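1. got a predicted structure plus its sequence, pasted below:
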2 protein chains.
Amino acid sequence: MRYELFYWPGIQGRGEFVRLALEAAGADYLDVARLKGRGKGVEAMLHLMSESDREPFAPPFLRAGKLVIAQAANILHYLGPRLGLAPKTEAARLWAHQLQLTVTDFVSEIHDAHHPIAASLYYEQQRSEAHKCTRYFLAERLPKYLGYFERTIENNGAGRGYILGRSLSYVDLSMFQLMAGLRYAFPGSMSRARRHHGRLIALHDKVMANANIAAYLASDRRIEFNENGVFRHYPELDQ
Amino acid sequence: MRYELFYWPGIQGRGEFVRLALEAAGADYLDVARLKGRGKGVEAMLHLMSESDREPFAPPFLRAGKLVIAQAANILHYLGPRLGLAPKTEAARLWAHQLQLTVTDFVSEIHDAHHPIAASLYYEQQRSEAHKCTRYFLAERLPKYLGYFERTIENNGAGRGYILGRSLSYVDLSMFQLMAGLRYAFPGSMSRARRHHGRLIALHDKVMANANIAAYLASDRRIEFNENGVFRHYPELDQ
């Protein structure tokens, strides 16, 4: 099956969690909003959104045959088993999805740290509030989430460093993205705390060494981190 | 099967979306953290969290036999088919879950409007930022989300007023809770905008008239809205 991914073309954002799964599996997919031509581009994405019987609230969404599925975690819950990136039993799939929904919550807090007042305002219009919010984020929320994921890898005793089970899952790919993004956004804070994240760092490196992921990261399909996405590097926020 | 729900005892919060499903179905369940005695209460909840092989990041979570499942939307994805509150096909279940994840996002924004800086601070410590944030929330986000859900009910042409399919689902129960909570928190704003939410108001009333839900709402199992939960009534924020 050829999948069609729809997401804003200029940022990694929430679409990247899906893109990493498609890339790791070597799936046949089109990144529709980044392509030019008839039925392609951002306009095609917005058109499909408004025309769909089951209208997505926001990108990313995936077209798979007749299905149009939105919400990154929901897309991964659907794709995971089909791409060989999810465990086999219902119990383990619920657990993988639960972890992914915790990633979703974390991503939302990471975004809101630089946009605490309104998504419709520029960062520069909420800079002082962002500074205050990020102080609490770095002191309280970042250690809580990363400590939780670190412990989860540790508790997966037989897991060879993966977060669940004994082989690569879409949740591992999301851990890679979280670590890569946080180190981009907060290089100082992440470096100072690195002794607390040994397992996450090892998992990040392990994912990065995956042949399909390495090829993807070296390609122009990987959008670079920038200050329009979830993970933004504002030096004044990285105390 | 007797289910065990674990959630903070003094608030409706995110646990209420699960509680409504259990109540609507007349399920056999214990609301463990609200009970007294051995193996009950908040301590038992925290103990189970820390001892679980698959540690939840936060309440609510559900114990169903050997399973411990966290994240309200994930719990509902699991419970829905078992309680007769989910559609039958995989495609329709993904759609229900997608809508529920959009509810999750909305709930997070509703909470953050009164807590834009840090969950660990009191409202009074972030009142001026909350005022600013809520102004954007009421002008931009509230109409966007409610407009989306209103349109979704409308697009479900044969749906007798339900948000998906032709019978009551857990997503309808969440729509009820959203409308009840928003009218509690923002009575002025919600009243002024009511002509835009005719279908949501009708769905709210239809859910409230369900016999099991009506009995639940009249019981002391329904915690009242209060200023510790997601939906808080601060008159100064309801412009």
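-> Good, I have the coordinates.

2. relative to residue A:6, how far out is residue A:25?
-> If you measure residue A:25 against residue A:6 using CB to CB, to the nearest Å, the figure is 18 Å. The way it works is simple: take the backbone N, C-alpha and C, and place the C-beta from them, glycine included.

3. ok, residue A:154 - how many residues close by?
-> Taking other CB atoms under 10 Å in any protein chain shown as the criterion, the count of residues near residue A:154 is 13.

4. how about the helix or strand containing it: buried residues?
-> Here residue A:154, judged by DSSP states H and E, is contained in helix A:142-155. Neighbour-count burial for helix A:142-155 flags A:142, A:143, A:145, A:146, A:148, A:149, A:150, A:152, A:153 (criterion: 16 or more other CB atoms under 10 Å in any protein chain shown).

5. now do the contacts for the first one.
-> Translated: residue A:142. When contacts are counted by CB atoms under 8 Å, 6 or more residues apart in numbering or on different chains, residue A:142 touches A:182, A:186, A:189, A:193.

6. what's the average pLDDT for stretch A:222-230?
-> Confidence over stretch A:222-230 (mean pLDDT, whole number) is 98.

7. do it and chain B meet at all?
-> No. No part of stretch A:222-230 sits close enough to chain B to count as contact by CB under 8 Å from any CB of the partner chain; the gap is at least 14.0 Å.

8. got the CA coordinates for that stretch in CSV?
-> Coordinates of the C-alpha atoms in stretch A:222-230 are reproduced here as CSV (Å, rounded to 0.1, in the frame of the first residue of the first chain):
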residue,chain,number,x,y,z
ARG,A,222,14.5,15.3,6.9
ILE,A,223,13.5,18.9,7.5
GLU,A,224,16.0,20.7,9.8
PHE,A,225,14.9,21.9,13.2
ASN,A,226,13.9,25.5,13.1
GLU,A,227,12.1,28.2,15.1
ASN,A,228,8.7,27.5,13.6
GLY,A,229,8.3,24.0,15.0
VAL,A,230,7.8,22.4,18.3
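
9. will you turn the contacts of residue A:142 into TSV that also has distance to chain B?
-> Below are the contacts of residue A:142 laid out as TSV (distance: CB to the nearest CB, whole Å):
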residue	distance to chain B
A:182	17
A:186	17
A:189	16
A:193	19
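
10. so which of the residues you listed wins on neighbours?
-> Each of the contacts of residue A:142 was scored for neighbours by other CB under 10 Å, and residue A:186 scores highest at 26 neighbours.

11. pLDDT score for that residue?
-> Reported pLDDT at residue A:186 in the predicted model: 98.

12. contact partners for it?
-> Under the criterion of CB under 8 Å, 6+ apart, the contact list for residue A:186 reads A:138, A:142, A:233, A:237, A:238.

13. any stretches of chain A with poor pLDDT?
-> Applying pLDDT under 70 to the predicted model, chain A contains no residue that meets it.

14. show me where it has its helices.
-> Listed in chain order, the helices found in chain A under DSSP state H are A:15-24, A:41-51, A:72-82, A:90-114, A:127-136, A:142-155, A:170-185, A:187-192, A:198-209, A:211-218.

15. ok, the residue lying farthest from the centre of chain A - contacts?
-> Relative to the centre of chain A, the most outlying C-alpha is that of residue A:38, 28.7 Å out, by CA atoms, centre = their mean. Contacts for residue A:38 were tallied using CB under 8 Å, 6+ apart; there are none.

16. please point out which parts of stretch A:14-27 sit buried.
-> Burial within stretch A:14-27, assessed by neighbour count using 16+ other CB under 10 Å, is assigned to A:14-25, A:27.

17. can you add distance to chain B and give those residues back as CSV?
-> As requested, these are arranged in CSV below (distance: CB to the nearest CB, whole Å):
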residue, distance to chain B
A:14, 11
A:15, 15
A:16, 18
A:17, 13
A:18, 14
A:19, 19
A:20, 19
A:21, 16
A:22, 17
A:23, 22
A:24, 22
A:25, 19
A:27, 18
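
18. just curious, which of the residues you listed is nearest to residue A:91?
-> In terms of CB to CB, no member of the buried residues of stretch A:14-27 lies closer to residue A:91 than residue A:21, at 20.9 Å.

19. show me what contacts the nearest residue to the closest one once chain neighbours are set aside?
-> In space, residue A:21 comes closest to residue A:170 once its chain neighbours are excluded; the distance is 4.6 Å by CB to CB, 6 or more residues apart in numbering or on different chains. Contact criterion CB under 8 Å, 6+ apart gives A:17, A:20, A:21, A:24, A:76, A:79, A:80, A:83, A:85, A:86, A:96, A:100 as the residues in contact with residue A:170.

20. the fourth one reaches residue A:173, doesn't it?
-> Yes. Applying CB atoms under 8 Å as the test, residue A:24 and residue A:173 come out as touching, 5.8 Å apart.

21. what's the overlap in contacts for the two?
-> A:85, A:213.

22. on that earlier part again, now the contacts of residue A:170 as TSV including distance to residue B:57?
-> As requested, those are exported to TSV (distance: CB to CB, whole Å):
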residue	distance to residue B:57
A:17	17
A:20	21
A:21	21
A:24	24
A:76	17
A:79	23
A:80	19
A:83	25
A:85	21
A:86	20
A:96	14
A:100	12
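
23. any idea which of those is closest to residue B:201?
-> Nearest to residue B:201, judged by CB to CB, of these is residue A:100 at 33.8 Å.

24. what's the closest non-adjacent residue to the closest one?
-> residue A:73 (4.4 Å).

25. contacts only, for the one you found.
-> For residue A:73, the contacting residues are A:17, A:97, A:100, A:101, A:103, A:104, B:101, by CB under 8 Å, 6+ apart.

26. my read: the second one touches residue A:79, true?
-> Think residue A:97. No. Look at residue A:97 against residue A:79 with CB under 8 Å: they stay out of range, at 11.8 Å.

27. more neighbours, those two?
-> With neighbours defined as other CB under 10 Å, residue A:97 and residue A:79 compare such that residue A:97 has more, 25 against 22.
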